[in-house]
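Visitor: Show me how the following folds:
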Amino acid sequence: MHYEFQPADAPDPADPDVEYGVASEQITTELLELCEQFLRQASPLVHTELREFLTEHGHHGDLGWFIDVLGFTTLNRTAPASNVGGPSR
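Guide: Residues are numbered from 1 along each chain as shown. The predicted model follows:
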């Protein structure tokens with residue numbers, strides 16, 4: 001079940017004149033980047049807990065794989081639109 005809370009005085013997202021300070025894409029990209037940075041320098045205890053968490057959720061790959069995916073996803077989200085889907089070099 002998913003609930004969304006919206007204060008009574010919140011702007012109507014359907015209103016074309018409403019402007020938001022930061023695009024949600026930008027916020028998501030920054031959060032992914034921060035998570036990757038944190039996990040790359042986290043303690044062995046944090047890595048152990050994350051490995052256990054991933055295993056419990058059916059992800060049995062190496063921890064490095066998970067952290068790399070965060071990094072690659074961030075790079076993909078920040079790549080220029082003209083290069084998306086283009087050949088890799």
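Visitor: For residue 25, give me its contacts.
Guide: residue 77 (C-beta atoms under 8 Å, 6 or more residues apart in numbering). C-beta: built from backbone N, CA, C; applies to glycine.
Visitor: One more pass at 10 Å, please.
Guide: Listed by C-beta atoms under 10 Å, 6 or more residues apart in numbering, the contact set of residue 25 reads 77-78.
Visitor: What of the one 10 residues further on?
Guide: The contact partners of residue 35, taken as C-beta under 10 Å, 6+ apart, are 66-67, 70-71, 74.
Visitor: Now do whatever helix or strand residue 72 lives in: which elements does it pack against?
Guide: Following DSSP states H and E, one finds residue 72 within helix 63-78. When contacts are defined as 3 or more C-beta pairs under 10 Å, 6 or more residues apart in numbering; DSSP states H and E, helix 63-78 packs onto helix 24-40, helix 44-56.
Visitor: ok, and for the longest one, which residues are buried?
Guide: Going by neighbour count (16 or more other C-beta atoms under 10 Å), the buried part of helix 24-40 is 29, 32-33, 36, 39.
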